[in-house]
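Enquirer: The following comprises the amino acid sequence and a computationally predicted model.
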Amino acid sequence: MKEYNVAILGATGAVGIRMVDQLANSTVPVKSLKLLASAHSAGKVMDFNGEKITVEETTPESFDGVDLVLASAGGAASKKFLPEAVKRGAVCVDNTSAFRMDPEVPLVVPEVNPEQLKNHKGIIANPNCSTIQMVVALAPVFKKYGLKQVIVSTYQAASGAGQSALNEFYQQAKDYLEGKQMSADILPTAGDKKHYPLAFNLLPQIDVFEDEGYTHEEWKMIHETKKIMLNDMDATDLKVTATCVRVPVPISHGESVYFEVEDKSATAEDIKKTISDAAGVTLQDDPDHQVYPQPLNAEGKRETFAGRIRPDQENKGCFNMWVVADNLLKGAAWNTVENAERLVDEDLVKVPKNYYQK
């Protein structure tokens, strides 16, 4: 069996740590592993399958001899280093927003559009965590009954903003319970003018505000969903809108999803059966026994969980659904490694002659 020299870019971050673990528990045959990060994190020692590996500072030369790169070090680092890695012959799966909307880069969720992997030019993009879990739940419905419209409201965990935001959230909760003043320096988004506490609060802003009052996170969900399902980020055949909210939960995003199918004969039981038979999604839907997806139960799991599937009582062919997944695993680390598994299985760990050069 062919083995691969693998590098993880951003190995010491919240997602990178999980990438190391998911890779160790994957079918990717690893010959050697490089752990790469910033100068600040260089020198740290991490464990991989019982082997102690020292984290190295990332340079373009770090990718010499590397076959496969898994990246989650931030968009700026991906834009700087991944084209260098591709130039040196490595295929890259990127978990940042750097390449998602680039028409030359496939945006792939393995359960939904794995056929796009064969079109890569050296870089494959992971979608946004909130998009991933929604399309995993909706894809089987889309394939069987068609989709006309999706309206999603998200309940996104603190960890989606990074480890520093999660740490700040924990400190705020501690301060609040001790009767102290809460301080906020990160959320709703580090780059904006004002910051608010998340503990015991809800923040209806994820990322910066853009045109017509939508945040960039909402824009991403709209256009990523269209690119994944229809291979066109501006497709008009599927209408999508989103409201994204940060909630005081450490890990795992929840989503309330309203969707309209094309086949008006579909029933809620049909939708449940279709989802229960699909790969990567687990149906938890038994209201009589209060069985439904919850963030606490999803944490540490690879799959997406769907439940509370019910018909809209005002509009025929419309349904409501509740979707939960671990945003650091299926929404990031596991989706990245799962894409790597598919690349290996289909012998696609090779950079084409017309490789990505922007």
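Expert: That came in fine, so what should we check first?
Enquirer: Could I get the pLDDT score of the closest residue in space to D192 that isn't next to it in sequence?
Expert: Distances taken as Cβ to Cβ, 6 or more residues apart in numbering put V208 closest to D192, at 5.8 Å, once the chain neighbours are dropped. Any C-beta I mention is one placed from the backbone N, CA and C, and that applies to glycine too. pLDDT, V208: 96.
Enquirer: How about the contacts made by V208?
Expert: By Cβ atoms under 8 Å, 6 or more residues apart in numbering, the contact list for V208 reads 189, 191-192, 215-216.
Enquirer: For the chain, just list every one of the helices.
Expert: Per DSSP state H, the chain carries helices over the ranges 14-24, 75-87, 129-145, 163-177, 216-230, 268-276, 295-298, 334-345.
Enquirer: Enumerate the positions of the third one that are buried.
Expert: Read that as helix 129-145. If you call a residue buried by 16 or more other Cβ atoms under 10 Å, then helix 129-145 has these buried ones: 129-142, 144-145.
Enquirer: ok, the closest residue to G10 other than its chain neighbours - contacts?
Expert: In this structure, G10 finds its nearest non-sequential neighbour in A73, 2.9 Å apart by Cβ to Cβ, 6+ apart. A73 is in contact with 9-10, 13, 16, 36-38, 58, 81, 96, counting by Cβ under 8 Å, 6+ apart.
Enquirer: before we move on, what about E338?
Expert: 26, 110.
Enquirer: ok, it to D345 distance?
Expert: For E338, the distance to D345 (Cβ to Cβ, to the nearest Å) stands at 11 Å.
Enquirer: what does F209 give?
Expert: 42 Å.
Enquirer: And for G74, the neighbour number?
Expert: The tally of other residues near G74 (other Cβ atoms under 10 Å) stands at 18.
Enquirer: same check, this time on the one 3 residues further on
Expert: The criterion is other Cβ under 10 Å. On that basis, A77 has 20 neighbouring residues.
Enquirer: So it sits against A11, correct?
Expert: No - A77 lies out of contact with A11 (Cβ atoms under 8 Å); the separation is 11.8 Å.
Enquirer: Bridge partners for T282, pull those for me.
Expert: For T282, the beta-bridge assignment (DSSP bridges) gives partners F305.
Enquirer: Not counting sequence-adjacent ones, nearest residue to T154?
Expert: C244 (4.6 Å).
Enquirer: cool, T215 as well?
Expert: D207 (5.0 Å).
Enquirer: so that neighbour makes contact with L187?
Expert: No - taking contacts as Cβ under 8 Å, D207 lies outside contact range of L187: 10.9 Å.
Enquirer: Neighbour count for the two, which is higher?
Expert: More neighbours surround L187 than the other of D207 and L187, with 23 against 20 (other Cβ under 10 Å).
Enquirer: and Q290, how many residues sit next to it?
Expert: Q290: 6 neighbours (other Cβ under 10 Å).
Enquirer: Just the pLDDT for it.
Expert: pLDDT recorded at Q290 is 98.
Enquirer: For A39, see how far away it is.
Expert: Q290 is 50 Å from A39, by Cβ to Cβ.
Enquirer: Next one: the nearest residue to C318 once chain neighbours are set aside from E260, what distance?
Expert: Spatial nearest neighbour of C318, excluding adjacent residues (Cβ to Cβ, 6+ apart): D312 at 3.8 Å. To E260, D312 is 8 Å away according to Cβ to Cβ.
Enquirer: now do V66
Expert: 45 Å.
Enquirer: now do K174
Expert: For K174, the distance to E260 - Cβ to Cβ - is 44 Å.
Enquirer: now Q205
Expert: 27 Å.
Enquirer: Next: A298.
Expert: A298 is 26 Å from E260, by Cβ to Cβ.
Enquirer: who has more neighbours, the two?
Expert: Taking neighbours as other Cβ under 10 Å, A298 and E260 compare with A298 leading, 26 against 20.
Enquirer: tally of neighbours for the nearest residue to P311 once chain neighbours are set aside?
Expert: Excluding the flanking residues, the one nearest P311 by Cβ to Cβ, 6+ apart is A268, at 4.9 Å. A268 has 15 neighbours, counted by other Cβ under 10 Å.
Enquirer: for A268, what are its contacts?
Expert: By Cβ under 8 Å, 6+ apart, the residues touching A268 are 309-311, 319.
Enquirer: so how far is stretch 34-47 from its chain's centroid?
Expert: 23 Å (Cα atoms, centre = their mean, to the nearest Å).
Enquirer: Can you give me the end-to-end span of that stretch?
Expert: One end of stretch 34-47 to the other measures 12 Å (Cα to Cα, to the nearest Å).
Enquirer: tell me the mean pLDDT for that stretch?
Expert: So the average pLDDT for stretch 34-47 ends up being 97.
Enquirer: buried residues in it?
Expert: 34-37, 41, 46.
Enquirer: Tell me the one of those residues nearest M101?
Expert: L36 (24.9 Å; Cβ to Cβ).
Enquirer: Not counting residues beside it along the chain, what's closest to that closest one?
Expert: Per Cβ to Cβ, 6+ apart, closest to L36 is T58, 4.3 Å.
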